[in-house]
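curious how this folds, go ahead:
(2 chains)
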Number of protein chains: 2
Amino acid sequence: MSYLPIQQLLQATPGTDVTVKGWVRTKRESKNAVFIAINDGSTINTIQAVAEAGQLPDDLLRQITTGACVAITGQLVESIGSGQNVEVKITDVLVYGPADPEKYPLQPKRHSLEFLREIAHLRPRTNTFSAILRVRHALAFAVHKYFNDNGFYYLNTPIITASDAEGAGEMFRVTTLDPVNPPRTEDGKVDYSEDFFGRETNLTVSGQLEGELGALALGKIYTFGPTFRAENSNTTRHLAEFWMIEPEMAFHELEDNMNLAEEFVKSVIRYALDHCADDLAFLDNRLKDEEKTKKKDEQSDLSLLEKLRFVVDNQFERLTYTEAVDILINSKPAKKGQFQYEVKWGIDLQSEHERYLVERHFKKPVILTNYPRAIKAFYMKQDSDPATNSRGDVFGPTVRAMDVLFPGIGEIIGGSQREDDLDKLVARMQEVGIEPEALWWYLDTRRFGSAPHAGFGLGFERLVQFVTGMGNIRDVIPFPRAPKSAEF
Amino acid sequence: MSYLPIQQLLQATPGTDVTVKGWVRTKRESKNAVFIAINDGSTINTIQAVAEAGQLPDDLLRQITTGACVAITGQLVESIGSGQNVEVKITDVLVYGPADPEKYPLQPKRHSLEFLREIAHLRPRTNTFSAILRVRHALAFAVHKYFNDNGFYYLNTPIITASDAEGAGEMFRVTTLDPVNPPRTEDGKVDYSEDFFGRETNLTVSGQLEGELGALALGKIYTFGPTFRAENSNTTRHLAEFWMIEPEMAFHELEDNMNLAEEFVKSVIRYALDHCADDLAFLDNRLKDEEKTKKKDEQSDLSLLEKLRFVVDNQFERLTYTEAVDILINSKPAKKGQFQYEVKWGIDLQSEHERYLVERHFKKPVILTNYPRAIKAFYMKQDSDPATNSRGDVFGPTVRAMDVLFPGIGEIIGGSQREDDLDKLVARMQEVGIEPEALWWYLDTRRFGSAPHAGFGLGFERLVQFVTGMGNIRDVIPFPRAPKSAEF
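Below you'll find the model as predicted:
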C-alpha cells in the first residue's frame, strides 16, 4: 500500500510525495485556488489538499463534493494557513465514488442526533460518531489490556443459554421451530425437545454464573461480550442488546472487589484520556455547545474533560447502604419532600437518591456496599451480622454487594462477593424460588473446592456514555437494538 | 491482597514468607514428609508445599485431597527435589472448600475428552483445558493488539439482526412472541409486527455487511464477536455458536487483503509462541501422546510446536483457483481415482482437495484466489476477465475471493475484495435472488462515496484448534453449543 492514513500524514515531514485516500468533507473555491478537506476516519482531523484555480478539469471538480471518495496525489508541503502544519499540493485527483449532493444526506451542516439515528449506516462518517466509535475502540482495548496486564484470562461464556434461573431480566427466546405450527406435547404446550438444542433456550442476560466456573479453575477471568434484555423500555439508558464486562476472581473478597473495580475503571478512563486527546477535545466542545442550550441550573459544573480527570484523580467514596440511607433521610430534599420515592431502610435506591449522593452530597463517584439481602440476587454472600446504623438501630440481613455510582450515569458497576457456602446458597435459592437442580453445575463449584470469590459487571455502553458525554445510550453503539428497532 | 499467583511465586526469590491459594492437584506422603502440589490456574505449573510428617493434624490432612481449595502459608525455600526451583515450607494450612474423593469427578488419572465434555463446568480445572483456555486468551488478546497497533477500530456489529439476505447459512430466530398462540395475520401466518422488534429477527451469521459500513467511514475496522449457524451438523468442525474475527478495510484490494491476512495470522500465532511457552509445551506433549495411538501413516510429520513455527516462518503459497484445479487434475490421487469428488473447473473444492494442496503438494499454508463467481457470495468483486489456465483454456467469470487453507484445519480464513460498483452489485443480487430493497442501507455505501475495499473472516475456534492441536472444535470453547446440546 503506497498511501498513509491521514493521522500519520498530518505528522509527516513536508517535502515528500504522498497519496491521500478518503472522503471529501468540504470543498472551497477562491479566486486563486481550490481547497479540499479530506477525512479517512483514522482521526477526527482532516487534511487540506490545494489545487490552483483552473488546474482541475471542470467535470472532475464537479464530482468533488461532500461525501465523495477520492485519491489525491501530490506533495506534502508546509501549510501557510492556520489550522494544520501540512497540506497537500495536488498533482492529481481520482474520484472513486461520487456522492450526489441532491441525494447524499450528510451535507455539511448540523444534523440532529435523532436524524442521525435513522441513518445509523452513515452516521460513522460524521465527526461526532467517528469520534465516539474511536473512543469506544480505545476503551475496549483498554479493557482487554488492563485485564491481560493483570493476569486475567478472557473467557467466552455462552450467548445461547438454557439457564433462565438467574432472574436478571426478561429474555429473548432462541428457536428454530416452525413458528406457525410448532410441535406440541400432549397437553398442547410447545414441545421444545424438538427444538435445535432439545430444550428451551434464550439469549444470555449475564455471563456471571459461567464466569464463576472459570474463576474457580483459572483464578481470575473476565468476560466481554453481548448480553440481552427483552424489556420493553424505550429510554435513553436501556438497550435490548449491549456489551457487558464481567470479571470474576477467586480469593477476592468484598474489599478486593472494590479495589479492583475502582482501579480498573480509572485505568480505562485514563487510557482514553491518554490515547484519544483529539476526539475527546472535540466531544468536550460538543458537550459545551449542548450544555449552552440548557437552563443555567441544569448545566453541569464540570466540562467533559474535567469530569474524566476528576474521576481518575480522586478516590471513590465508600460507604454502606445503611450509612447512605441515613444521609438520604437527613438530606435537604428528604426534609423538603423533594424526593419522589420515600427513603427508608430496605428500599431499592432510586435514581434520584443515587444522584443526590453522587452529585450533591459527595460530589464524586461512590461505592455503596452491604445492601439488604431482600433486594439483591441469590448468589451474593450473606453478611453474618445484620446492619446497624450509628444510632444503634438494627436492620435486616445484608449481603456483600457493591454498586459503583457515577455522576450523570448512576450505577455503572454492580458486583458482590459470592456466596461460597453450599448450604447457605441452596437455602437462599429455595427462598427465592430457584430450583437448585436447574443449576446443579453452578452448585458443583461449592461442592468441590469452594473458594471465596467475587466479581462485578460493567455495562460497556454506560462507560462509553460517561467518557464521551453522550446523553442517549443509542448514540454510543454502532447499531442500537431497542423495542421496534432492529434496522441495519 | 497478601498473596501472589503461583505463576509469580515460582519466579520469586527464596527466603520470603508467602501465602499460596489454589486447588490441590495431588498429595503424596512419605515417611518424613507430606508433599502437596497446588495449582491456581495462573499457570500450568504447580507449586509444591511440604510439611513434616506429623506436623499437620490428621483431620486436616484428610481434607487435603485432589480438588480441595486451600490457603497455605509458609516460607518460600529452594527446592531440593527435581522439577522446580522453589517450594513452600508449610507453616499453616486453611481448607476453604474440601472435595470429597468419593464424589469429585476429577481424580488424578487420565480422563477422556468425551467424558470431560460432559463436565464442561469442571474441565477448566484440568491441565489440558486450563492450557487451552490460557492459549485462547492469549490469541484473543493478540488479535486485539494486532489490530490496535495497526490502526484498526473495533466495531461491535449487531448480534440480533433483521437482515437475512446474506444467505451465509441457517439462522436462529429471536423472538418474544407467545410460542403457543402467537399473534397471526389474516392469512394465518405469524404476525411479526407484534414481535419485540416489530419484525422477524435472527442471530447474526456474520458482521461483514455492517463491518463494510464501518470501514467506509473509519477506514479500517474489525469485529470480534459471536456468530451463529443453525445447521444440524454434529461434526468435530462445527459449532452452533462460535466467535468470528472480521476485519474490513477501505482502500484495500485483493493483494492487500492477502498480505494483511498472512501477516495477521502469523502475528497472533507468534504471540502465542512468545507468551504461552509452558502451555504450548504441555499441549505439544499431549498431541505427541495422542499421535502415538494412531496408525503410522496417519501420524503427523511435524509436532505441534514445529507446525506453529513452520507457519510463522514460511511464506504462504499463493495461486488462483484455476491453477489449483490444474494441479489437482494432474495429481496422483486424481489419476488413481482416489478423490471422492471429481475435480473440474467450477466445483466447490472439497476438504480432500484442499488437504491435498496444503498437506501433500505445497506442504504449507496456501491462499487460493479468484474463485468461480457462481460458488461465491454476491458481494465479492467481479473480475473483469474470465479465468484462463496455462494451456489457454477459457473458463467462466471469477471473483476476487481468497481462501487461506491451513494444514489439518482446511479453510481458516475466507475473504474477498468487495464489489464497489453499484450497478454490478445490484445485478448480481438480482441474479441470486436477493431483493436490493432489503439491503438499501448496504447499497447506500456504493451510492455515496463508494471506495475499493476488502476484508475477511477468521473463525476464532479454528485458529485456537490449530494452535492447541485439538481435534474437536468443542474442546476449544468453554461451553460448546451444538445440536441438542446447550448445557451450562
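
okay, CA-based contacts and neighbour counts for the rest of this
Fine.

can you pull the contacts of residue A:226?
Residue A:226 makes contacts with A:159, A:241, A:242, A:243, A:244, B:159, as judged by CA atoms under 8 Å, 6 or more residues apart in numbering or on different chains.

okay, and which of these map to strands?
The members of those that map onto strands under DSSP state E are A:241, A:242, A:243, A:244.

restrict the residues you listed to contacts with chain B.
residue A:241 (CA under 8 Å from any CA of the partner chain).

what is the nearest of the ones in strands among the contacts of residue A:226 to residue B:102?
residue A:244 (38.5 Å; CA to CA).

grab the nearest non-local neighbour of that closest one.
Leaving aside its chain neighbours, residue A:244 sits nearest to residue A:459 (4.7 Å; criterion: CA to CA, 6 or more residues apart in numbering or on different chains).

what sits against that neighbour?
A:242, A:243, A:244, A:245, A:412, A:413 are the contacts of residue A:459 under CA under 8 Å, 6+ apart.

export those residues to JSON lines and tack on neighbour count?
Below are these laid out as JSON lines (neighbours: other CA atoms under 10 Å in any protein chain shown):
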{"residue": "A:242", "neighbour count": "24"}
{"residue": "A:243", "neighbour count": "20"}
{"residue": "A:244", "neighbour count": "21"}
{"residue": "A:245", "neighbour count": "23"}
{"residue": "A:412", "neighbour count": "20"}
{"residue": "A:413", "neighbour count": "23"}
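
may I ask which of these comes out lowest in pLDDT?
On pLDDT alone, residue A:412 ranks lowest of those, at 95.

next, it: phi, psi?
phi -110, psi -30 (degrees, to the nearest 10).

show me what contacts it?
Counted by CA under 8 Å, 6+ apart, residue A:412 has contacts A:403, A:404, A:405, A:406, A:458, A:459, A:462, A:463.

neighbouring contacts of whichever strand or helix holds the last one?
Pointing back at residue A:463 there. Using DSSP states H and E, residue A:463 maps to helix A:460-468. Applying CA under 8 Å, 6+ apart, the contact partners of helix A:460-468 are A:132, A:135-136, A:139, A:237, A:242-245, A:269, A:280, A:283-284, A:304, A:308, A:408-409, A:412, A:471-473, A:476-477.

ditto for stretch A:211-220
For stretch A:211-220, using CA under 8 Å, 6+ apart, the contacting residues are A:151-153, A:155, A:157, A:221-223, A:246-251, A:442, A:445, A:450-451, A:453, B:40-42, B:121-122, B:124-125, B:130.

got the buried residues for it?
A:211, A:212, A:213, A:214, A:215, A:216, A:217, A:218, A:219, A:220 (16 or more other CA atoms under 10 Å in any protein chain shown).

mean confidence score for that stretch?
98.

what do you get for stretch A:468-487?
On average, stretch A:468-487 scores 96.

ok, residue A:241 touching residue A:229?
Yes - between residue A:241 and residue A:229 there is a contact under CA atoms under 8 Å: 6.7 Å.

can you tell me the element the nearest residue to residue A:209 once chain neighbours are set aside falls in?
Closest residue to residue A:209 in three dimensions, ignoring its sequence neighbours and counting by CA to CA, 6+ apart: residue A:442, at 6.8 Å. Element membership for residue A:442 (DSSP H and E) is helix A:440-447.

same question for that helix, mean pLDDT?
Mean predicted lDDT for helix A:440-447 stands at 97.

contacts for it?
A:209-210, A:213, A:216, A:420-422, A:436, B:97-99, B:121-122, B:488.

gap between the closest residue to chain B within the stretch 201-350 of chain A and residue B:450?
Residue nearest to chain B within the stretch 201-350 of chain A: residue A:218 (3.7 Å; CA to the nearest CA). Separation of residue A:218 from residue B:450 (CA to CA, to the nearest Å): 47 Å.

for residue A:207, give me its contacts.
A:157, A:158, A:223, A:246.

repeat that for residue A:416.
Neighbours of residue A:416 in contact, by CA under 8 Å, 6+ apart: A:254, A:257, A:380, A:381, A:400, A:401, A:402, A:454, A:455, A:456.

hmm, 6 Å instead?
Counting by CA atoms under 6 Å, 6 or more residues apart in numbering or on different chains, residue A:416 makes contact with A:380, A:400, A:401, A:402, A:454, A:455.

quickly list what it is bridged to.
residue A:401, residue A:455 (DSSP bridges).

ok so, going back, alpha carbons only: can I get the helix holding residue A:463 in PDB?
Output of helix A:460-468 as PDB, limited to C-alpha atoms (Å, rounded to 0.1, in the frame of the first residue of the first chain):
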ATOM      1  CA  PHE A 460     -19.800  -1.100  28.400                       C
ATOM      2  CA  GLU A 461     -22.200   1.400  26.800                       C
ATOM      3  CA  ARG A 462     -22.700   3.100  30.200                       C
ATOM      4  CA  LEU A 463     -18.900   3.600  30.300                       C
ATOM      5  CA  VAL A 464     -18.800   4.800  26.700                       C
ATOM      6  CA  GLN A 465     -21.600   7.300  27.600                       C
ATOM      7  CA  PHE A 466     -19.700   8.600  30.500                       C
ATOM      8  CA  VAL A 467     -16.400   9.000  28.600                       C
ATOM      9  CA  THR A 468     -18.000  10.600  25.500                       C
END
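
show me what counts as buried in that helix.
Applying 16+ other CA under 10 Å to helix A:460-468 flags A:460, A:461, A:462, A:463, A:464, A:465, A:466, A:467, A:468 as buried.

in TSV, list the contacts of residue A:459 along with distance to residue B:315.
TSV is the format used below for the contacts of residue A:459 (distance: CA to CA, whole Å):
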residue	distance to residue B:315
A:242	40
A:243	38
A:244	39
A:245	38
A:412	47
A:413	47
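
can you check my assumption that residue A:8 lies in a helix?
Yes - the assignment for residue A:8 is a helix, going by DSSP: H, G, I helix; E, B strand; the rest coil.

out of the contacts of residue A:416, which is nearest to chain B?
residue A:454 (13.1 Å).

one step back: among the contacts of stretch A:211-220, name the ones in strands.
A:153, A:221, A:222, A:223, A:246, A:247, A:248, A:249, A:250, A:453.
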